[in-house]
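>>> Need a 3D model of the following:
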Amino acid sequence: MAGDDKADQAYRRKLGDGLVLRWSSADDVDRLAALYGEVFRDRAEDPPNEHVQIWTRDLMSGRHPLITPDDFAVVEDTATGEIVTGTCLLSQVWDVEGVAIPTGRPEVVATRAAYRRRGLVRAVFELIHARSETRGDLAEGITGIPYYYRQFGYEYA
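Numbering: from 1, shown residues only. So this is what the prediction gives:
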């Protein structure tokens, strides 16, 4: 697989069962929108969530001020071509009493139901943490499921 640097755009790692961990590119926009549209709906029988699909397309557009199309860590099933897990890293600067703090903000964490409980979210967070460190972020902050993100090193603040 390409390189050992998890922050590098060319990084790829086989996870077994035809799954590959990698960074996104602009070519992934439709597959990411499909993943998020499927995962972020109220019931399995509901249509894909078009609002999160629009948001995903905006994040992947290349025009968003906090992210590029290359800033999603994904797991692809090479047998189907689907992206089955993904999250992204927003680049923010937080101001704390006049001190600028470069901060990474993971967002839109999702795994298709059939692929859960395989450690895939842990794998994408390895990439997110590596890129955040390489960029020089002094902190990361995430909102979401209470207690869930503690397993990836996050604490309440």
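>>> Could you list the low-pLDDT ranges of this structure?
Residue ranges of the chain with pLDDT under 70: 1-3, 146-147, 150, 154.
>>> how about 90 then?
For the chain, applying pLDDT under 90 flags the ranges 1-4, 141-157.
>>> following the longest helix along the chain, which helix or strand shows up next?
For the chain, the helix that runs over the most residues, judged by DSSP state H, is helix 120-135. Next helix or strand after helix 120-135 toward the C-terminus (DSSP states H and E): strand 139-140.
>>> That next one - which strands sit beside it in the sheet, and in what orientation?
Strand 139-140 has the following sheet partners, assigned by DSSP bridges: strand 99-111 (parallel).
>>> Quick check: buried residues in the partner strand?
Residues of strand 99-111 classed as buried: 103, 104, 105, 106, 107, 108, 109, 110, 111 (neighbour count, 16 or more other CB atoms under 10 Å). All C-beta spots, glycine's among them, are computed from the backbone N, C-alpha and C.
>>> orientation of that strand relative to helix 120-135 in degrees?
160 degrees (axes from the mean of the first three to the mean of the last three CA atoms, to 10 degrees).
>>> what sits up against strand 99-111?
The contact list for strand 99-111, computed with CB atoms under 8 Å, 6 or more residues apart in numbering, reads 35-36, 39-40, 52, 55-56, 59, 66, 75, 84-95, 120-121, 124-125, 128, 131-132, 135-142, 144.
>>> try it again with 7 Å
With contact meaning CB atoms under 7 Å, 6 or more residues apart in numbering, strand 99-111 is reached by 35-36, 39-40, 56, 84-94, 120-121, 128, 132, 135-142, 144.
>>> can you give me the helices for this protein?
Per DSSP H, the chain carries helices over the ranges 29-39, 50-59, 120-135.
>>> That's all I had, so thanks and see you.
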